[in-house]
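Participant: What follows is a predicted protein model with its sequence.
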Amino acid sequence: MSKRIGTGAALLAGALAVTGLALAPTAVAVTPQTATITANCGLFGGGAATLTATQNGTAATLTLSSTAITAPIPIGANSIDSTLTMANSTGAARVFSGTVNPAMATGAPIVVGPLSGTVASGDSLDFYQGSLKMVVFGITVTCTATGPQSPGPFVFD
């Protein structure tokens, strides 16, 4: 009987360990996950913005959100054609693009993304010396950074 209990306990412990591995969060491949920039976006205004990065292998996304950069007119969902170019200190610039955005009323905070792109292990991406180009109703608005991101560039595994 004690051998069965020992075997059962070992099987239960093994099952719990496997379950724990399956439920454990996946490792974050990009660091930091968020960074702050200050940008000038012409008629959209300017000021502080937050960039949020994710990575899954060589696929990555970036989202830009800002309460200082605002919609000058009402903008429908998924109607901003955005191209975010990030300077890469380890090689060629990386480009993230897409038409993902929520609906925004006049004066609403700007949110674009997640914008999709491809990265390589070791890429170190900074919005400084890069740009965000947004095309809204045929009008192109370009945002440029006034300084480096904080706390630093996004580094991808």
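Facilitator: Received it, and whenever you're ready, just let me know what you need.
Participant: helix or strand right after the helix or strand bottoming out on mean pLDDT in the chain?
Facilitator: When the helices and strands of the chain are scored by mean pLDDT, DSSP states H and E, helix 2-23 comes last with a mean of 43. The first helix or strand that comes after helix 2-23 along the chain, using DSSP states H and E, is strand 30-31.
Participant: buried set for the helix or strand just after that following strand?
Facilitator: Counting by DSSP H and E, the element after strand 30-31 in chain order, helix or strand, is strand 34-40. Buried residues in strand 34-40, counted by 16 or more other Cβ atoms under 10 Å: 35, 37-39. Every C-beta, even on glycine, is put in place using the N, C-alpha and C of the backbone.
Participant: go on, stretch 106-113?
Facilitator: Going by 16+ other Cβ under 10 Å, stretch 106-113 has these buried residues: 110-113.
Participant: now do stretch 43-57
Facilitator: Neighbour-count burial for stretch 43-57, counted by 16+ other Cβ under 10 Å, picks out 44-46, 49, 51-53, 55.
Participant: which of those sit farthest apart?
Facilitator: Farthest apart among these by Cβ to Cβ are 45 and 55. That separation is 29.8 Å.
Participant: which stretches of this structure form strands?
Facilitator: Counting by DSSP state E, one finds strands in the chain at the ranges 30-31, 34-40, 46-56, 59-70, 81-88, 94-98, 109-118, 124-136, 139-145, 154-156.
Participant: Return the member of the buried residues of stretch 43-57 nearest to residue 87.
Facilitator: residue 51 (12.8 Å).
Participant: Would you check how far apart residue 86 and residue 103 are?
Facilitator: Using Cβ to Cβ, to the nearest Å, we find residue 86 at a distance of 26 Å from residue 103.
Participant: Give me the more crowded residue out of these two.
Facilitator: More crowded of residue 86 and residue 103, by other Cβ atoms under 10 Å: residue 86, with 27 against 12.
Participant: residues in contact with the more buried one?
Facilitator: The contact partners of residue 86, by Cβ atoms under 8 Å, 6 or more residues apart in numbering, come to 62, 93-96, 125-127, 130, 154.
Participant: what about residue 125, neighbour count?
Facilitator: Counted with other Cβ under 10 Å, the neighbours of residue 125 add up to 28.
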